[in-house]
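Undergrad: after the sequence you'll find the predicted model.
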Amino acid sequence: MWATLRKQLWQWRGVFIAAPTVAGIVIGLRWAGWLQELELAALDQFFRWRPPEAVDSRIVIVEIDEQDIQKLGNWPPSDQMLAQLLNILKQQQPRAIGLDLYRDLPVEPGHQELVEVFKSTPNLIGIRKVAGDAEGTAVNPPPVLNELGQIGANDLVVDSDGKVRRSLLSLGTPSGEIIPSFSTMLALTYLEAEGITLEEIDADGNQYQLDKAIFTRLNQHDGGYVRTDAGGFQIISNFRNLGQGFQSISFTDVLEGKIPKDWGRDRVILIGITGESVADNFFTPFSRGLVNQAAGVEIHADIVSQMLSAALEGRPLIQVWSEPWEILWIVAWTVVGAILTWGQRYRGGVTARSPVKVVSLIFVGGGLVGGCYWAFLQGWWIPVVPPILGLTGSAIAIIGYVAYNADQMRRIFGRYVTDAVVANLLETPQGLQLGGENRQVTVLFSDLRGFSAISERVSPEMGVKVINHYLQVMTDVVDQYQGVINEFMGDGILVMFGAPIEREDDSQRAIACGIAMQLAMAEINQYNNTLNLPPLEMGIGIHGGEVLAGNIGSQKRAKYTVMGSPVNLASRIESYTVGGQVLISQDLLKQVGSILRVDGELHVHPKGFAEPITVYEIGGIGGTFNLFLPKPAIDFVVLKNKIPIQYIVLTGKHLGQEFCQGTIVKLSANGAEIHTEQPLELLTNLKINLVMGTEKAKGLGDIYAKVVETSVDSPNHFGIRFTGIPPEIAAVLSYLGLAAQDRNP
């Protein structure tokens, strides 16, 4: 069971890593308040998307616009005019009249007349400004209405972005007095005729019931708010008619008797300023930029409408979830994004942008927004921005994690095959399919000379260190010339030019790469010298032609490689090389042309091929590459005292059965001329031992050499090139060569 669980955990590791991390970040951003503006903007959009509701006929407005101010000739209107207006409105028999004008001081003429109207109008509600008492910026109520208890606070709550989204049902003064809001007083006055009163249903004063409506006090972290000022009894406004307005009539039209009969009967009449010059305007969710501001009297009218609709018709008020539920909501959507992306992480490849991924994320994200909007229509404000961030954030995290793993896979896989092959496997739809295609490819084989002798004399760790340094240097050279290393074969390398990516100058780059690899041997041997190891040499063979290139193998194990006769011939050509040589085929020489420096040619008959061929030793390449190998000066020293040897002919990698005798008659730094009792074929590989008298020299190792020249004038005399020589023997031969040179100045 535990093994199964561990397997499941590993299979879904991306979800377990990404979801908690992203959810924690999103919740942290939300707690810091950095998402509040976005969440409030989303709420505003929901208000603008919502279909318009029928205009509430219970609310009408007497507005004082700019034309009224011009007709009045001054501001504010006199008490006499206001008294006249109120008397006209009283004749309409409204349920409530709201005077949203400050009247704490007399405005003569007609102040006493206005006082008498105040005293005789029990359903008239005046205003005072409560907020700012401590700084002296509050505005006192009309004294008479204050004594009668017909006063409400007209303060509005403005969010940090300057918009009104909350409503006050009541608020406290610095002295501790609780003042109902202007809107609350008007709504309660209207509902009094229905026998409906406000009842406290929570001992702490956090909930009140008004018939069908239950008002719950806003907390500082409700909805999208974070540590907001929740003073007083606030609710989140569920605006009803603010977007399209209420029935209204101008102040002067009322005074001039142009008011329709029964226009205000059984209604709430609000009187307020809408003119721009008085600047009693506010931004709301329906505002766009700096336009579509709402007058204060319109906002109070809408709050009254909200309260009446909630109490009488059960129109929903805006509700919110508790914080634990909101956190769970964010986490859930983060998990959804992680699961959705992780489950489809390899659809279309690790780097491909799968349309299914994009469409599914858009579809799920659209469902999230649509679900939150539907809940909003039912009266619930459910966070939408944090879950959207969680959904997309977890998807991005999973994509980043998969991309990181793909990059790591490239790096790891690239240690076995080159980046070009990795890209072909990972980024093309057919990259992992078995099979191949015919392509023109140039193949380079290289093989190290002398490493076997070194590996026999040093520890395995030192041997690995030496070969790894060699392969690292060669890999850098191959990458520089855009070759593709297909395989490391011990101390040999197979490099492809033209697969999987074909370029016009593949043949030229292959030869230039071979020259550069030989030049890089100086760095290899300098490094070996620091380890007190003898120098190494390398042979390179290059040939090109049409091969089968592709993924070869089975469904469980496959390899990108090249196959065909050109590959085999390139390998055969390499076998004819000695250290420091680059041999190419005649076909390749014809392709590249005159920019090559040809230092020699050799006629050979490769095993497995019907006809002999000519291979060419290349000493350099011109053109844009301009790479040339130094021409070694071969100076043979004639030995007065010939050095006896015995040798065995190597057939492939296998030793012959018969020891043969011979002598070294001439010496050079890298080779010798030997005399044998039996003839040797050109390019024969030999294992040679020095002989003292009739016994094999004890304590000295084996010399490996290749026959590179036959002498026509001297039968059984052959030129050999050392391909592997122990340091001790190299020292002995060097001493003997110097001694002979001194004797033959």
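TA: Thanks, I have it. Numbers count the residues shown, from 1 in each chain.

Undergrad: which regions of the stretch 151-300 of the chain sit below the pLDDT cut-off?
TA: Judged against pLDDT under 70, the stretch 151-300 of the chain has no low-scoring part.

Undergrad: repeat that with 80
TA: Residue ranges of the stretch 151-300 of the chain with pLDDT under 80: 203, 243, 279, 289-291.

Undergrad: can you give me the helices for it?
TA: Under the criterion DSSP state H, counting those that start in this stretch, the stretch 151-300 of the chain carries helices at the ranges 182-192, 251-255, 296-313.

Undergrad: could I get those helices as JSON lines with distance to residue 538?
TA: Where C-beta positions appear, they are placed from N, C-alpha and C, glycine not excepted. Listed next are these as JSON lines, based on distance: least, C-beta to C-beta, whole Å:
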{"stretch": "helix 182-192", "distance to residue 538": "93"}
{"stretch": "helix 251-255", "distance to residue 538": "103"}
{"stretch": "helix 296-313", "distance to residue 538": "88"}
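
Undergrad: make JSON lines out of these and add mean neighbour count and distance to residue 509.
TA: Below are the helices of the stretch 151-300 of the chain laid out as JSON lines (neighbours: other C-beta atoms under 10 Å; distance: least, C-beta to C-beta, whole Å):
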{"stretch": "helix 182-192", "mean neighbour count": "24", "distance to residue 509": "83"}
{"stretch": "helix 251-255", "mean neighbour count": "20", "distance to residue 509": "91"}
{"stretch": "helix 296-313", "mean neighbour count": "24", "distance to residue 509": "77"}
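
Undergrad: right, and the ones you listed - which one's nearest residue 290?
TA: helix 296-313 (17.3 Å; C-beta to C-beta).

Undergrad: now do stretch 628-639: distance to the chain's middle.
TA: Stretch 628-639 sits 59 Å away from the centroid of its parent chain (C-alpha atoms, centre = their mean, to the nearest Å).

Undergrad: next, the buried residues of that stretch.
TA: Across stretch 628-639, burial judged by 16 or more other C-beta atoms under 10 Å covers 629, 637, 639.

Undergrad: how does this structure divide into domains?
TA: 2-32+322-411, 55-195+234-319, 451-628, 637-743 (automatic domain parsing).

Undergrad: pLDDT of the first one, averaged?
TA: Across domain 2-32+322-411, pLDDT averages out at 82.

Undergrad: low pLDDT regions in the stretch 451-600 of the chain?
TA: 452-457, 550-561, 593.

Undergrad: in it, which spans are helices?
TA: 451-457, 460-480, 506-519, 521-530, 565-575, 586-592.

Undergrad: for those helices, which one sits closest to residue 231?
TA: Nearest to residue 231, of these and by C-beta to C-beta, is helix 460-480 at 69.1 Å.

Undergrad: which strands and helices sit next to the closest one?
TA: Contact partners of helix 460-480 among helices and strands, from 3 or more C-beta pairs under 8 Å, 6 or more residues apart in numbering; DSSP states H and E: helix 451-457, strand 484-489, strand 492-497, helix 506-519, helix 521-530.

Undergrad: contact partners for the residue lying closest to residue 620 once chain neighbours are set aside?
TA: Nearest residue to residue 620, sequence neighbours excluded (C-beta to C-beta, 6 or more residues apart in numbering): residue 628, at 3.1 Å. Applying C-beta atoms under 8 Å, 6 or more residues apart in numbering to residue 628 gives the contacts 515, 597, 619-621.

Undergrad: now the helices of the stretch 451-600 of the chain as a markdown table including distance to residue 285?
TA: What follows is these, written out as a markdown table (distance: least, C-beta to C-beta, whole Å):
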| stretch | distance to residue 285 |
| --- | --- |
| helix 451-457 | 79 |
| helix 460-480 | 60 |
| helix 506-519 | 66 |
| helix 521-530 | 72 |
| helix 565-575 | 73 |
| helix 586-592 | 75 |
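
Undergrad: quick revisit: among the contacts of residue 628, the buried ones, what's the ChimeraX command?
TA: To isolate the buried subset of those in ChimeraX, counting by 16+ other C-beta under 10 Å, use the following:
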select :515,597,619,620,621
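
Undergrad: strands - which of the contacts of residue 628 land there?
TA: 597, 619-621 (DSSP state E).

Undergrad: what packs against the lengthiest helix in the chain?
TA: As assigned by DSSP state H, the longest helix anywhere in the chain is helix 385-413. For helix 385-413, the contact count by 3+ C-beta pairs under 8 Å, 6+ apart identifies helix 13-31, helix 36-49, helix 323-343, helix 355-377, helix 419-427 as packing neighbours.

Undergrad: most packed of the ones you listed?
TA: Of all the helices and strands packed on helix 385-413, helix 323-343 has the most neighbours on average by mean count of other C-beta atoms under 10 Å, namely a mean of 20.

Undergrad: name the helices or strands packed onto that one?
TA: Counting by 3+ C-beta pairs under 8 Å, 6+ apart, helix 323-343 packs on helix 13-31, helix 355-377, helix 385-413.

Undergrad: in CSV, list these along with distance to residue 60.
TA: Formatted as CSV, the helices and strands packed on helix 323-343 follow (distance: least, C-beta to C-beta, whole Å):
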stretch, distance to residue 60
helix 13-31, 42
helix 355-377, 27
helix 385-413, 38
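
Undergrad: quick one: closest of the ones you listed to residue 147.
TA: Of all those, helix 355-377 comes closest under C-beta to C-beta, at 43.6 Å.

Undergrad: residues in contact with the closest one?
TA: 42-43, 46, 49-50, 333, 336-337, 340-341, 344, 347-348, 381-384, 387-388, 391-392, 395.

Undergrad: change it to 7 Å
TA: 46, 49-50, 333, 336, 340-341, 344, 347, 382, 384, 387-388, 391, 395 (C-beta atoms under 7 Å, 6 or more residues apart in numbering).

Undergrad: cool, and stretch 520-529?
TA: Residues contacting stretch 520-529 (C-beta under 7 Å, 6+ apart): 466, 469-470, 473-474, 477, 535-538.

Undergrad: next, the buried residues of it.
TA: 520-521, 524, 527-528.

Undergrad: need the CA coordinates for it. CSV is fine.
TA: C-alpha atoms of stretch 520-529 as CSV (Å, rounded to 0.1, in the frame of the first residue of the first chain):
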residue,chain,number,x,y,z
ALA,A,520,43.4,20.6,-30.3
MET,A,521,45.7,17.6,-29.5
ALA,A,522,48.3,20.1,-28.4
GLU,A,523,46.0,21.2,-25.5
ILE,A,524,45.4,17.5,-24.7
ASN,A,525,49.1,16.7,-24.4
GLN,A,526,49.8,19.8,-22.5
TYR,A,527,47.3,18.7,-19.9
ASN,A,528,48.8,15.2,-19.9
ASN,A,529,52.2,16.6,-19.4
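
Undergrad: what about residue 270, distance to residue 141?
TA: Relative to residue 141, residue 270 is positioned 16 Å away (C-beta to C-beta, to the nearest Å).

Undergrad: could you check which of these two has the larger neighbour count?
TA: More crowded of residue 270 and residue 141, by other C-beta atoms under 10 Å: residue 270, with 27 against 23.

Undergrad: how about the more buried one: what's its closest non-neighbour residue?
TA: Nearest to residue 270 is residue 98, by C-beta to C-beta, 6+ apart, at 4.3 Å.

Undergrad: which outside residues touch whichever helix or strand that neighbour is part of?
TA: Residue 98 is part of strand 96-99 when elements are defined by DSSP states H and E. If you take C-beta under 7 Å, 6+ apart as the criterion, strand 96-99 is touched by 86, 89, 121, 123-127, 182, 186, 189-190, 268-271, 300.

Undergrad: contact partners for residue 46?
TA: Contacts of residue 46 by C-beta under 7 Å, 6+ apart are 373, 376.

Undergrad: still on that earlier bit, packing partners of the next helix or strand after the strand holding residue 98?
TA: With elements assigned by DSSP H and E, the helix or strand that comes after strand 96-99 is helix 111-119. Here helix 111-119 touches helix 79-90, helix 143-148, going by 3 or more C-beta pairs under 7 Å, 6 or more residues apart in numbering; DSSP states H and E.
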